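Asker: Next one to model:
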Amino acid sequence: MDKIETYRAVGTCCKQIMFSVDENNILTSCIFIHGCSGNQQAVSKLVKGKHIDEVIELLKGIPCKGTTSCPDQLARALIAYKERKSKPCE
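Answerer: Residues are numbered from 1 along each chain as shown. Next up is the predicted model:
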């Protein structure tokens with residue numbers, strides 16, 4: 001079973017994003033906590049099964065009411081995940 005990652009969203013109605021990624025960097029689950037239910041359900045279904053690099057490319061920089069959005073926050077969460085994975089354990 002893939003480990004559930006948690007990301008605290010900033011600047012959006014969504015407060016938290018929970019997701020999991022398999023050993024091939026495929027997004028296996030994505031759940032938004034709070035925010036616009038319909039949009040978040042749609043985004044979650046559309047990104048499931050996609051490589052995280054593809055998701056980042058598709059969603060990074062999408063604005064909503066300001067300079068970010070729930071999809072942009074997911075991209076940022078995945079970027080942070082990749083950065084954590086690339087650093088050797090200290």
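Asker: got a list of contacts for stretch 69-82?
Answerer: Stretch 69-82 has contacts (Cβ atoms under 8 Å, 6 or more residues apart in numbering) with 5, 7, 9-14, 17, 19, 21, 27, 30, 32, 35-36, 39-40, 43, 47, 52, 55-56, 58-64, 68. In short, each C-beta sits where N, CA and C put it, glycine included.
Asker: Check for me that Leu27 belongs to a helix.
Answerer: No. Secondary structure of Leu27 (DSSP: H, G, I helix; E, B strand; the rest coil): strand, not part of a helix.
Asker: for stretch 76-90, which positions count as buried?
Answerer: Residues of stretch 76-90 classed as buried by neighbour count (16 or more other Cβ atoms under 10 Å): 76-78, 81.
Asker: Rounded mean pLDDT for that stretch, please.
Answerer: Averaged over stretch 76-90, pLDDT sits at 88.
Asker: any idea which residue sits dead centre in this structure?
Answerer: Geometric centre of the chain, nearest residue: Leu74, 2.6 Å, by Cα atoms, centre = their mean.
Asker: Now do Asp53 against Leu78, distance only.
Answerer: Separation of Asp53 from Leu78 (Cβ to Cβ, to the nearest Å): 8 Å.
Asker: Contacts only, for Cys30.
Answerer: Taking Cβ under 8 Å, 6+ apart, one finds 17-19, 43-44, 47-48, 74 in contact with Cys30.
Asker: So it: helix, strand or coil?
Answerer: The three-state label given to Cys30 by three-state DSSP is strand.
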